[in-house]
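[1] sharing a sequence plus its predicted fold:
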Amino acid sequence: MTNNSEKIKLNAAIKNRWSPRRFTDKPVTDEMLHLLFEAARWAPSSRNEQPWQYYVAKKQDESDFYLLIECLTEENKVWAQSAHVLMVSVMKKNFDYKNRPNGKALNDVGAANNSLAIQATELGLQVHQMGGFDKEKAIELLQLEKENYEPVTMIAVGFPADEKSFSEEDKKRLQQHKTRKEQKEFVFQIEFSNQK
Ligand SMILES: Cc1cc2nc3c(=O)[nH]c(=O)nc-3n(C[C@H](O)[C@H](O)[C@H](O)COP(=O)(O)O)c2cc1C
């Protein structure tokens, strides 16, 4: 789609959100965390089921934090330790109503996670989601009822390190973030009526 107006522009938090691999020591306050979960809370979901859960460990609670770190892949373990908070987003697989499978639960947890990420950016924080973790280990650690609950992503939260302190790898990461498909690659104008 083309933007014909000079006045409208992309929301700043959407534009500035990214997934850093290096965080500062600055603490994430409980008030900030509360706002992140408020953002998740207001996300849309199929039948308003709100099938998301968040299991949270702060770095100051060392043993819990490092038990979560142990669930990550070796690559993620290295950088995620610099986060101030780690969490696991979990989806409830069945609707409350008649306990039927909720085919949109994954979509809805994704929506909640994205709201949370945008709110984080708004606060000067960043989050970095990870699919690279051992699901079975997380299920066991969190004592999830496997039939109805499934970990979706692990999420590192913190204040991103200053770009001046970036290693070559960090710079590569930021560059990767900026690599985006053009809209023409994923937006398709439907023109059925013209084909008659
Ligand atoms: C579901 C999901 C899983 C991801 N898994 C990982 C991961 O295991 N390790 C990692 O470093 N980044 C992971 N990422 C981050 C993506 O690589 C990142 O979002 C993508 O490269 C776009 O960059 P940006 O978030 O900075 O815009 C994941 C992101 C999502 C949404």
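    Everything's here; your move. Numbering: from 1, shown residues only.

[2] beta partners of Q129?
    Applying DSSP bridges to Q129 yields these beta-bridge partners: I155.

[3] that one against A120, yeah?
    No - in this structure Q129 lies outside contact range of A120 using C-beta atoms under 8 Å: 10.9 Å. No exception for glycine: its C-beta is placed from N, CA and C like everyone else's.

[4] I'd say G158 and T29 touch.
    No - applying C-beta under 8 Å as the test, G158 and T29 come out as separate, 11.9 Å apart.

[5] how close does the nearest residue to L142 once chain neighbours are set aside get to I139?
    Excluding the flanking residues, the one nearest L142 by C-beta to C-beta, 6 or more residues apart in numbering is Y55, at 5.2 Å. As judged by C-beta to C-beta, to the nearest Å, Y55 and I139 stand 11 Å apart.

[6] what do you get for K104?
    22 Å.

[7] same question, E49
    Taking C-beta to C-beta, one finds E49 at 21 Å from I139.

[8] do R173 as well
    R173 is 29 Å from I139, by C-beta to C-beta.

[9] is L68 in contact with K58, as I believe?
    No - here L68 does not reach K58: they are 10.4 Å apart, not a contact under C-beta under 8 Å.

[10] more neighbours: which of these two?
    L68 (24 against 18; other C-beta atoms under 10 Å).

[11] which helix or strand contains that one?
    helix 62-69 (DSSP states H and E).

[12] before we move on, what about E136?
    helix 135-142.

[13] do the same with A120
    Going by DSSP H and E, A120 is in helix 105-122.

[14] which positions in that helix come out as buried?
    105, 108-122 (16 or more other C-beta atoms under 10 Å).

[15] chain center to that helix, what's the gap?
    6 Å (C-alpha atoms, centre = their mean, to the nearest Å).

[16] the residue lying closest to P160 once chain neighbours are set aside: how many residues sit nearby?
    Spatial nearest neighbour of P160, chain neighbours left out: P20 (4.1 Å); criterion: C-beta to C-beta, 6+ apart. By other C-beta under 10 Å, the residues close to P20 number 23.

[17] P20 touches S167, doesn't it?
    No - P20 lies out of contact with S167 (C-beta under 8 Å); the separation is 11.8 Å.

[18] what does the pLDDT read for the closest residue to the ligand within the chain?
    Taking C-beta to the nearest ligand atom as the measure, the point where the chain comes nearest the ligand is G132, at 2.9 Å. Model confidence at G132, given as pLDDT, is 98.

[19] what does the nearest residue to it once chain neighbours are set aside show for phi and psi?
    Leaving aside its chain neighbours, G132 sits nearest to T73 (3.9 Å; criterion: C-beta to C-beta, 6+ apart). Main-chain torsions, T73, degrees, to the nearest 10: phi -70, psi 160.

[20] go on, V78?
    Dihedral pair for V78: phi -60, psi -50, per degrees, to the nearest 10.

[21] quick one, helices of the chain?
    12-16, 30-41, 62-69, 74-80, 105-122, 135-142, 168-177 (DSSP state H).
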